[in-house]
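Q: For reference, the sequence and a predicted model appear below.
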Amino acid sequence: MSPTTILILAALGIGVISGLRSLTTPAAVSWAAHLHWIDPGNTPMAFLSAAAAVYGLSALALFELIADKLPFTPRRTIPPAFAARILTGAFSAAALYVCAHQPIYFGALFGAAAAVAGTLGGYHTRHWLVKSVNVPDIVVALAEDAVAVGGAFFLVSRF
């Protein structure tokens, strides 16, 4: 598989994961930069490798993982939440593209488009599993967390 294909697939994967858990992907990309798995170099994304970014984004991602289980948390498909997922998908994929010395706008485009698919697919899959297969929502939510966190770190560790 060519490096370009791998990069496109990584950007699409990061976008889909942003649709599942919006703050997991910026945290994973920041950890990857901090651990030198990826190198943002002297680019606008260089701040991602700073300890403040790593710990701040990780705290936000952890908060999101907890908040997702609360009964008053709004659906991911409401406009502000949907927009946040698209933005974090675009941002995280753009960061991967910058680290690969490729045009940032391609990463942003792939990440944003895949975040739409991840948001809608994740929402409908979760509801289908809860209602049709009769699986408790918390079980599905925890499985979705595992897919998001594991998938994000798998993707950023492949660079």
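A: Received, thanks.

Q: where are the low-confidence patches of the chain?
A: For the chain, applying pLDDT under 70 flags no range at all.

Q: any idea where the helices of this protein begin and end?
A: 3-20, 24-34, 51-67, 79-99, 104-131, 137-156 (DSSP state H).

Q: To G41, which of those helices lies closest?
A: helix 79-99 (7.7 Å; CB to CB). Where C-beta positions appear, they are placed from N, C-alpha and C, glycine not excepted.

Q: Export only the CA atoms of the closest one, formatted as CSV.
A: C-alpha atoms of helix 79-99 as CSV (Å, rounded to 0.1, in the frame of the first residue of the first chain):
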residue,chain,number,x,y,z
PRO,A,79,-26.0,21.0,15.5
PRO,A,80,-23.4,22.1,18.1
ALA,A,81,-22.2,18.6,18.9
PHE,A,82,-22.3,17.6,15.2
ALA,A,83,-20.2,20.7,14.3
ALA,A,84,-17.7,19.9,17.0
ARG,A,85,-17.2,16.4,15.7
ILE,A,86,-16.7,17.7,12.2
LEU,A,87,-14.2,20.3,13.4
THR,A,88,-12.2,17.9,15.6
GLY,A,89,-12.2,15.4,12.7
ALA,A,90,-10.9,18.0,10.3
PHE,A,91,-8.3,19.3,12.8
SER,A,92,-7.0,15.9,13.8
ALA,A,93,-6.7,14.6,10.2
ALA,A,94,-5.1,17.9,9.2
ALA,A,95,-2.5,17.5,11.9
LEU,A,96,-1.6,14.0,10.5
TYR,A,97,-1.3,15.6,7.0
VAL,A,98,1.0,18.3,8.3
CYS,A,99,3.2,15.8,10.0
